[in-house]
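Asks: I'd like to go over a predicted model; first the sequence, then the structure.
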Amino acid sequence: MSAFVIDAFEFCRNNGYREGVTPVAEMTRLAADCADPSGEITWSIQGGQTKQGYPSMTLSVEGMVNLVCQRCLGPFAYHIDSSTMLVLGKDDADADEIEEILDDESIDVIVGSHEADIRQLLEDEALLALPQAPKHEVCPDTKLIDSLKSDKVSPFAALKSLKPE
């Protein structure tokens with residue numbers, strides 16, 4: 001069994017804790033959304049129970065990744081810093097029931113596993129922390145944008161001259 005594969009229910013029951021640092025290059029789905037695979041993600045996962053006694057894991061991810069700006073198409077550094085609580089259900093019906101009981105949008109209820117790969121959960125958390133449309137606050141190089149906004153004559157400019165005054 002891999003060091004990253006855990007019995008999620010046992011991990012929660014024993015208040016397990018793991019932490020580490022994973023290169024972005026090893027998180028293939030995250031690396032695919034980045035401008036390059038450089039950088040590292042520092043992570044931790046803490047097992048426990050909710051107030052109601054349901055098994056839960058708190059995942060935290062933090063680190064710098066390089067994304068592509070959607071305005072200027074240049075790379076820029078983005079700081080990921082996210083934490084979430086996952087509550088575990090035994091199956092889909094149990095997860096739905098727990099979700100209804102907890103009635104809290106900030107808590108995600110998932111179906112737990114006795115062979116859960118925490119790398120997948122951590123990469124999911126990092127992906128969810130990315131902006132939907134990544135962009136600089138102020139783009140440093142606007143040559144590409146400026147070239148698109150050049151002083152081209154509008155094809156409708158000739159129609160303006162036909163309009164009576």
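Replies: Yep, it's here. Numbering: from 1, shown residues only.
Asks: please, which helix or strand holds V109?
Replies: strand 107-111 (DSSP states H and E).
Asks: what's in contact with that strand?
Replies: Strand 107-111 is contacted from outside by 50, 56, 84-92, 94-96, 98-99, 102, using CB atoms under 8 Å, 6 or more residues apart in numbering. Every C-beta, even on glycine, is put in place using the N, C-alpha and C of the backbone.
Asks: looks to me like R29 is in a helix.
Replies: Yes: R29: assigned to a helix according to DSSP: H, G, I helix; E, B strand; the rest coil.
Asks: that one and E125 touch, don't they?
Replies: No: checked against CB atoms under 8 Å, the pair R29 and E125 is beyond contact range at 11.7 Å.
Asks: okay, these two: which has more neighbours?
Replies: Each of R29 and E125 has its neighbours counted (other CB atoms under 10 Å); E125 has more, 22 against 11.
Asks: quick one, the host helix or strand of the more buried one and strand 107-111 angle?
Replies: Assigned by DSSP H and E, E125 falls within helix 118-128. Angle, helix 118-128 to strand 107-111, by axes from the mean of the first three to the mean of the last three CA atoms, to 10 degrees: 140 degrees.
Asks: show me how far helix 118-128 is from its chain's centre.
Replies: Taking CA atoms, centre = their mean, to the nearest Å, one finds helix 118-128 lying 7 Å from the centre of the chain it belongs to.
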